[in-house]
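Enquirer: Got a predicted model here, sequence first, then my questions.
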Amino acid sequence: MKDTEIFPITQEDFDKIIYAFEGCQCGELYRFLGVKKNDDINKIAHTYKEIRSNFENDVLTLECLDAAYSVISDKRLRDCYDENFYNELVRLELEYNQTLITKNNTLLSVVGAAMAPLEMVSLILQTTPNSSAVSSIKILQSFLKNNGFLSFGKIILAQAILPSTFVMLFQPLYKLKDKFIYSFSTIGKITDEILNYFSSFIVIFPIECYVQSVKYLSFFEVIKKVVLCQDGVTGKLNFKNLTHTFISLFGIYVLSKTLRIGINKLEGYIESKSLENPNSTFWRNSLIIKSIYFKSILMSLLLVPFETIHSQYSFLYVQRYLGNPVQILTTNPISLAVDLVKTQGFRKLYKSLPFSYLINLLGAYVLS
């Protein structure tokens with residue numbers, strides 16, 4: 001016999017359950033707590049305490065966690081929730097997630113098409129060997145002369161279609177991860193970052209190689225012959241080089257991500273100081289960092305060198321395919337940066353700055 005048959009559920013109990021998933025916007029409570037419906041109370045309690053310890057300074061999240069746990073930890077309320085609310089909430093979340101995926105894929109395609117010319121121009125400037133005296137316009141004119149406008153169109157099409165396509169392909173992997181790892185835990189956050197970068201890497205890196213070899217190869221040939229370093233005689237693919245490249249580029253990604261987080265924290269700090277000192281001209285003027293125009297140029301100044309070093313790896317892969325002498329593909333990012341500055345000058349790191357600024361500005365508009 002269920003506890004709800006011995007101690008009937010009151011209106012106050014119903015209100016408490018509804019407040020948890022609706023008032024606190026927890027959604028489906030088991031998912032929110034990072035547990036499964038058939039988990040016993042001991043496992044749920046352990047998971048709840050572990051997750052709660054990650055949000056000691058986040059009052060709103062703690063309130064939501066407490067509200068969800070207060071329902072699931074009470075057998076009467078849990079039985080009532082399972083019987084009256086669980087299935088409907090699961091259905092609504094699935095519908096919402098499907099709608100969100102569709103919207104995100106559409107947005108990715110639109111943004112990809114809008115940013116494609118800027119990203120392509122930026123990559124060309126970063127990977128074309130030149131002296132610092134050669135202007136950006138001359139580099140672009142040379143690229144169009146050698147490759148033609150048809151190649152330009154094919155690259156833009158690839159950049160517009162591929163990101164949203166691969167996002168759809170990776171959805172099962174994210175769902176599988178969510179079954180075993182709670183997203184808000186430290187391991188969950190690290191896993192999310194690795195998956196996010198991996199899903200972008202397998203799209204962006206081949207496109208970068210394609211931009212530089214579009215004159216010679218189709219996109220799928222680029223994947224086999226350039227990215228996977230297919231042996232011309234045996235046809236064997238080399239995953240070792242690509243694995244090393246992924247690790248190196250992930251390190252660059254982590255540094256870039258750290259800088260972005262630092263800028264966001266600086267923005268929050270300045271905003272809090274301006275509220276504490278409303279009459280201070282210094283803190284009031286410092287609020288310029290909240291402007292997307294200023295923030296975009298700051299981001300660009302800090303991140304363009306990392307983007308330039310990142311693009312050198314695709315340059316090495318393409319040059320290797322073309323039979324030109326290059327550094328080994330397993331070169332670490334620091335050695336690559338030092339060699340780039342020695343051979344082409346420090347200005348090479350900032351050659352694509354104007355286009356990087358436009359990309360960051362467009363990205364900020366999309367997010368806002």
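Expert: Structure's in. What do you need?
Enquirer: you'd agree residue 37 is up against residue 86?
Expert: Yes - at 6.9 Å, residue 37 counts as touching residue 86 under the criterion of Cβ atoms under 8 Å. Glycine gets a C-beta too; all of them are placed from N, C-alpha and C.
Enquirer: Now do the buried residues in stretch 297-314.
Expert: The neighbour-count check on stretch 297-314 (16 or more other Cβ atoms under 10 Å) flags 297-300, 303-314 as buried.
Enquirer: From the rest of the structure, what touches it?
Expert: 122-123, 126-127, 205, 208-209, 211-212, 245, 248-249, 252, 255-256, 259-260, 263, 289, 329, 333, 336-337, 340, 348-353, 356-357, 360 (Cβ atoms under 8 Å, 6 or more residues apart in numbering).
Enquirer: Restricted to helices, list these.
Expert: Here DSSP state H is the test, and those give 122-123, 126-127, 205, 208-209, 211-212, 245, 248-249, 252, 255-256, 259-260, 263, 333, 336-337, 340, 353, 356-357, 360 as lying in helices.
Enquirer: List only buried entries from those.
Expert: 122-123, 126-127, 205, 208-209, 211-212, 245, 248-249, 252, 256, 263, 333, 336-337, 340, 353, 356-357, 360.
Enquirer: quick one on the thing from earlier: quick one: common contacting residues for residue 37 and residue 86?
Expert: residue 30.
Enquirer: burial measure for the closest residue to residue 41 other than its chain neighbours, as a count.
Expert: The shortest distance from residue 41 to any non-neighbouring residue, by Cβ to Cβ, 6 or more residues apart in numbering, is to residue 73 (6.4 Å). Using other Cβ atoms under 10 Å, residue 73 is surrounded by 14 other residues.
Enquirer: just for the stretch 201-350 of the chain, where's the confidence low?
Expert: For the stretch 201-350 of the chain, no stretch has pLDDT under 70.
Enquirer: Alpha carbons of stretch 46-64, in CSV - could you do that?
Expert: Provided in CSV are the C-alpha atoms of stretch 46-64 (Å, rounded to 0.1, in the frame of the first residue of the first chain):
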residue,chain,number,x,y,z
HIS,A,46,24.3,11.5,-1.9
THR,A,47,24.0,13.1,-5.4
TYR,A,48,22.0,16.0,-4.0
LYS,A,49,24.7,16.8,-1.4
GLU,A,50,27.4,16.6,-4.0
ILE,A,51,25.7,18.9,-6.4
ARG,A,52,24.6,21.4,-3.7
SER,A,53,28.3,21.8,-2.6
ASN,A,54,29.1,23.2,-6.1
PHE,A,55,26.6,26.1,-5.6
GLU,A,56,27.3,27.4,-2.1
ASN,A,57,27.3,31.0,-3.3
ASP,A,58,24.4,30.7,-5.7
VAL,A,59,21.3,31.4,-3.6
LEU,A,60,18.7,30.9,-6.4
THR,A,61,20.2,27.5,-7.6
LEU,A,62,20.3,26.3,-4.0
GLU,A,63,16.6,27.2,-3.5
CYS,A,64,15.7,25.2,-6.6
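Enquirer: May I see the buried residues of that stretch?
Expert: Buried residues in stretch 46-64 (16+ other Cβ under 10 Å): 47-48, 51-52, 54, 61, 64.
Enquirer: Could you point out which of the residues you listed is nearest to residue 233?
Expert: For the buried residues of stretch 46-64, the minimum distance to residue 233 (Cβ to Cβ) is 53.0 Å, reached by residue 54.
Enquirer: ok, that closest one to residue 65 distance?
Expert: With distances taken as Cβ to Cβ, to the nearest Å, residue 54 is found 10 Å from residue 65.
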